[in-house]
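> Quick one: sequence plus predicted model below, questions after.
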Amino acid sequence: MKYVSNYFKIPPLFCAISFFGYILLKEYTNNLIIFGILHSILAGILATKLLNTLIILNNNKKYSVVLFFLLMHVIYYGVSSLKYLEPQLLPGLVQNIQNRFFGDVIIFVSIYLSIEIWYRKIRKSNFSFQIISISKVKNLSLAIMFIFIIDIILSIYIYKNTIQIESNSIDVGIIQTQFLLDSILTFLLIVYFGKKKSVFYIFLFLTLVILRGFFYDSRTTLLSPILILIGGLYIMNKINSTFPEKIIKYGSSFIIIFSSIFLLITNRITTNDGTDRLKFLLAYRFDLSDFAMTILLNNNSKIINFKPVIDALILNIPSFIYSNKLEVISYGINYNNLLVNYNLISGLDYQDTYFSMGAMVLGWLGIIFIIPILTYLFCILEVWFNEKKHVGLINKFFLLSIIVIIENEWNKFFSNIRNLIVLFILSFAIKYIFISTKSRKKYPTNLG
């Protein structure tokens, strides 16, 4: 009965958020409010489906990392009910309101199907839970401070060289290095959580994340590390298992409020000529479907096109293996050519997501099935990690660090996969440096 009652509680909450959003931003057009509320109803159903599924799995102590892949999509979907604040999000994108809503329905079906796949795969898995023991607290404390200092240096370097990094592929390695360090640092903070000074270290890390988010002028840069930290504490059972349930219920509301404050503080809500951009910035950044729908409707070439995947895959082969890869392909040029093919503006910052990735490669089938397929593959990885010992738990966390990234395109996706492989290799070193021999002998079974 509890599960059924949630369907009468959560969708109205999402509708209220959407309705007040439109009223406060002075959008009274009937069509806008109607489609915004219809979108909110779908978002509420998705949130309820995910919440009910999570409650069942939590009751069975199955703390799954794949939850956060689905959670991010549900939050984005909830926030994107504000997309109808703008008749067109960016030049070239779909304008017909029925087509835009039809795209929302397709995304709804895709995410709903993914939640069902996640539940059916995880409920049968063996989650033998284990909290990692610390071998030498002093060594771990020193390691945290050492990585933290390097992270600060890299953050300053990236901030000062943003233009060069965007145009110079060599410096992208600096960004990849920072991602790896962030993942390792966050993992060590979670392992250290509960010990002396652990709150202080987390405070330092969050301070760095917040400052980096404001200086980089990126909400994603700010939110993703925080969610990774929460997710890691959850899968290691170091916070109340009901905490993700609260995120499902109130995450979209929090993001809307947080984004408004963030945009206000960073002085982005108005342009130099005084034009108000708050509606646009709230509507655009979290949309999942308009770009993908535009690709589907404007595709002037073959529907099946694996070239973006092949180009991205080649580009992410390590240079010491394939040193001439940049002479063979030009991923940026090829990507811009695709945009032109879709009647879009080359070089414009469209909202890349898994759905637009799927639409580019397989059309309608891609947009519908890319998230269910990835959910299934991530579940297989998690189940495999559950069969390992301490390395399995370490890599479950590292998997978390890449699946919370929603704004994606093929090059970035394979780059994250490459990072995951590097982290998998590093996990063996982490195991023997920071996990005590006593812990390894005491818990020879699965680590979930």
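Arrived safely. Every value quoted in this text rests on a predicted model; they were computed, and no experiment measured them.
> alpha carbons only for contacts and neighbour counts from here, please
Will do.
> Which strands or helices does the strand or helix carrying Ile158 pack on?
Assignment of secondary structure by DSSP states H and E places Ile158 within helix 137-160. Under the contact criterion of 3 or more Cα pairs under 8 Å, 6 or more residues apart in numbering; DSSP states H and E, helix 137-160 touches helix 172-192, helix 198-216.
> any idea which of those helices is most buried?
With neighbours defined as mean count of other Cα atoms under 10 Å, the helices and strands packed on helix 137-160 peak in mean count at helix 172-192, which reaches a mean of 19.
> Would you pull up how far it lies from the middle of the chain?
Chain-centre distance of helix 172-192: 16 Å, with Cα atoms, centre = their mean, to the nearest Å.
> Return the alpha-carbon coordinates of that helix using CSV.
Provided in CSV are the C-alpha atoms of helix 172-192 (Å, rounded to 0.1, in the frame of the first residue of the first chain):
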residue,chain,number,x,y,z
VAL,A,172,43.4,17.6,-21.9
GLY,A,173,45.6,15.1,-20.1
ILE,A,174,45.7,17.6,-17.2
ILE,A,175,42.0,17.4,-16.9
GLN,A,176,42.0,13.6,-17.1
THR,A,177,44.7,13.6,-14.3
GLN,A,178,42.5,15.8,-12.2
PHE,A,179,39.5,13.4,-12.7
LEU,A,180,41.6,10.4,-11.6
LEU,A,181,42.9,12.3,-8.6
ASP,A,182,39.4,13.4,-7.6
SER,A,183,38.2,9.8,-7.8
ILE,A,184,41.0,8.4,-5.7
LEU,A,185,40.8,11.3,-3.2
THR,A,186,37.0,10.9,-2.8
PHE,A,187,37.4,7.2,-2.3
LEU,A,188,40.0,7.7,0.4
LEU,A,189,37.9,10.3,2.2
ILE,A,190,35.0,7.8,2.3
VAL,A,191,37.2,5.0,3.6
TYR,A,192,38.6,7.5,6.2
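> tally of neighbours for Asp349?
When neighbours are defined as other Cα atoms under 10 Å, Asp349 has 8 of them.
> my bad, should have said Ile150
Ile150, neighbours per other Cα under 10 Å, totals 12.
> circling back: to Trp410, which of the helices and strands packed on helix 137-160 lies closest?
helix 172-192 (15.7 Å; Cα to Cα).
> name the helices or strands packed onto the closest one?
helix 137-160, helix 198-216, helix 219-235, helix 390-403, helix 410-434.
> Out of those, which one sits most buried?
helix 390-403 (a mean of 25).
> got the angle for it vs helix 172-192?
130 degrees (axes from the mean of the first three to the mean of the last three Cα atoms, to 10 degrees).
> what's the distance between the helix holding Ile158 and the middle of its chain?
23 Å.
> got the CA positions of it in CSV?
Presented in CSV, the C-alpha positions along helix 137-160 are these (Å, rounded to 0.1, in the frame of the first residue of the first chain):
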residue,chain,number,x,y,z
VAL,A,137,45.6,5.9,9.6
LYS,A,138,48.7,8.1,9.5
ASN,A,139,49.6,6.9,6.0
LEU,A,140,46.1,7.4,4.7
SER,A,141,45.9,10.9,6.3
LEU,A,142,49.2,11.9,4.6
ALA,A,143,48.0,10.5,1.3
ILE,A,144,44.8,12.5,1.5
MET,A,145,46.6,15.7,2.1
PHE,A,146,49.2,15.0,-0.6
ILE,A,147,46.5,14.3,-3.3
PHE,A,148,44.5,17.3,-2.0
ILE,A,149,47.5,19.7,-2.5
ILE,A,150,48.1,18.3,-6.1
ASP,A,151,44.4,18.7,-6.8
ILE,A,152,44.6,22.4,-5.8
ILE,A,153,47.6,23.0,-8.0
LEU,A,154,45.9,21.4,-11.0
SER,A,155,42.7,23.4,-10.3
ILE,A,156,44.6,26.6,-10.4
TYR,A,157,46.5,25.6,-13.6
ILE,A,158,43.3,24.6,-15.4
TYR,A,159,41.5,27.8,-14.4
LYS,A,160,44.4,30.0,-15.6
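> so Leu46 makes contact with Ser110?
No: between Leu46 and Ser110 there is no contact under Cα atoms under 8 Å: 10.4 Å.
> and the angle from the helix ranked longest in the chain to helix 410-434?
Ranked by residue count under DSSP state H, the longest helix found in the chain is helix 354-386. Orientation note: helix 354-386 sits at an angle of 20 degrees relative to helix 410-434 (the same axes, to 10 degrees).
> how about low-confidence regions in the stretch 101-250 of the chain?
127-139, 159-173, 214-221 (pLDDT under 70).
> Could you rerun that using 80?
Applying pLDDT under 80 to the stretch 101-250 of the chain flags residues 124-142, 155-180, 194-197, 211-223, 237.
> residues of stretch 336-350 that come out buried?
Of all the residues in stretch 336-350, those buried under the rule 16 or more other Cα atoms under 10 Å are Asn336, Asn337, Leu338, Leu339, Val340, Asn341, Tyr342, Asn343, Leu344, Ile345, Ser346, Tyr350.
> Lovely, talk soon.
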